[in-house]
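# test case, fold it:
(one chain, ligands or ions: 1)
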Amino acid sequence: MKISSIQMDIAFGQPDENCRRVRERVEQAVEQEQAEVVVLPEMWNTGYDLTRLDDIADRGALREWMSRLAREKKVTLVAGSIAEKDEKGCYNAGYVFSPDGTELAGYRKLHLFRLMEEEKYLIPGEDGRVAFEIGGHRAGIIICYDLRFPEMIRSLALDGMQILFVPAEWPHPRLNHWRVLNQARAVENQLFVVAVNRVGQGGKNTFCGHSMVIDPWGEILAEGEEEETILTVDIDLNEVDRVRRKIPVFKDRVPDRYRL
Ligand SMILES: O=C(O)CCC(=O)C(=O)O
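Down below sits the predicted model:
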């Protein structure tokens, strides 16, 4: 499965400009890199322009736009997350579309990140177990700060997840946390992690890039630096079963004897 991660800069509070950038990069991934799956970062329509979300968050049109883009390019689009709004308020919501434009998954970020004041402007989602199938394999999506909640990811893994997508806007000075946590989630759950972070400045934050694809043994197959890039990796999802047979963590768990 050929996966392209779009590590990009995001124009602060400018959804139209960000759509233009996303379209250009998705086209490049599909046409030049022959990607079958394209992955975008977190909140790519607005960035963290939280005080203006009432005006600029998507009200449904962008979901249709993403579906059309997936259909037009015949690609599975793990469309990172977008700021969206309904009658109750705004959400940080991740979507996935199949190559025929069908919406495969929708996930609203559960853990809101206080250090960037998400809880003041966003409503948390309700369901932390959003799974979908790609190429006959079970996949899951979480968003950025969710990475710090291993129970959530373990619960997806117990549901059969073999590949986890992590769209993010993860800033400095926590690059070290980003790298370690992504690798830990891959090793402890014996699955692929595709973690896509943005680069550039937004508000007071400088985002640290280093998007990465990690295999179920914890090896980093590809890693970006701090510039815009498209990171393309061809992965073999059968590797998940091979690693799980070698060290049978899921068989050896004794959850009745832990206290959480
Ligand atoms: O957990 C962190 O350090 C970063 C999280 C974050 O930036 C986010 O959830 O948007």
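# looking at the chain, which helix is longest?
Criterion DSSP state H: the longest helix present in the chain is helix 15-33.
# could you dump it to CSV, C-alpha only?
Taking only C-alpha atoms (Å, rounded to 0.1, in the frame of the first residue of the first chain), the coordinates of helix 15-33 have been written out as CSV:
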residue,chain,number,x,y,z
PRO,A,15,-9.6,28.1,4.1
ASP,A,16,-9.7,28.9,0.4
GLU,A,17,-5.9,29.2,0.2
ASN,A,18,-5.5,26.0,2.1
CYS,A,19,-7.9,24.2,-0.3
ARG,A,20,-5.7,25.3,-3.1
ARG,A,21,-2.6,24.0,-1.4
VAL,A,22,-4.2,20.7,-0.5
ARG,A,23,-5.5,20.1,-4.0
GLU,A,24,-2.0,20.9,-5.5
ARG,A,25,-0.3,18.5,-3.1
VAL,A,26,-2.8,15.7,-3.4
GLU,A,27,-2.4,15.9,-7.2
GLN,A,28,1.3,15.7,-6.9
ALA,A,29,1.2,12.7,-4.6
VAL,A,30,-1.2,10.8,-6.9
GLU,A,31,0.4,11.8,-10.2
GLN,A,32,4.1,11.8,-9.4
GLU,A,33,4.3,9.4,-6.5
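# could you give the average pLDDT over it?
Averaged over helix 15-33, pLDDT sits at 98.
# quick one: contacts for L164?
Shown in contact with L164 (Cβ atoms under 8 Å, 6 or more residues apart in numbering): 139-142, 153, 156, 185-186, 189, 191-194. From N, CA and C alone the C-beta is placed, and that goes for glycine too.
# name the nearest of the residues you listed relative to the ligand.
Closest approach between the contacts of L164 and the ligand, by Cβ to the nearest ligand atom: I142, at 10.0 Å.
# neighbours of D127, just the number please.
Each residue near D127 was counted by other Cβ atoms under 10 Å, and the total is 9.
# thought it was touching Y107?
Yes: the pair D127 and Y107 qualifies as a contact (Cβ atoms under 8 Å) at a distance of 7.3 Å.
# surely C144 is in contact with E169?
Yes: between C144 and E169 there is a contact at 6.3 Å, judged by Cβ under 8 Å.
# how far off centre is the helix or strand harbouring A79?
Assessed by DSSP states H and E, A79 sits inside strand 76-85. Centroid separation for strand 76-85 versus its chain: 9 Å, with Cα atoms, centre = their mean, to the nearest Å.
# N182 against D215, yeah?
No: using Cβ under 8 Å, N182 is not in contact with D215, being 11.7 Å away.
# more neighbours: the two, which one.
Remark: of N182 and D215, N182 carries more neighbours, 27 against 20, as counted by other Cβ under 10 Å.
# quick check on the more buried one: phi, psi?
When read as degrees, to the nearest 10, the backbone of N182 gives phi -60, psi -40.
# quick one: residues contacting it.
Taking Cβ under 8 Å, 6+ apart as the test, what N182 contacts is 147, 166, 193, 195, 212, 214.
# the strand holding A79 to helix 15-33, inter-axis angle?
170 degrees (axes from the mean of the first three to the mean of the last three Cα atoms, to 10 degrees).
# between C144 and E169, which contacts overlap?
Counting by Cβ under 8 Å, 6+ apart, the shared contacts of C144 and E169 are E42.
# need the contact list for the residue in the stretch 151-260 of the chain positioned nearest to the ligand.
Across the stretch 151-260 of the chain, the shortest distance to the ligand (Cβ to the nearest ligand atom) belongs to R174, at 4.4 Å. Counting by Cβ under 8 Å, 6+ apart, R174 makes contact with C208.
# alright, calling it a day.
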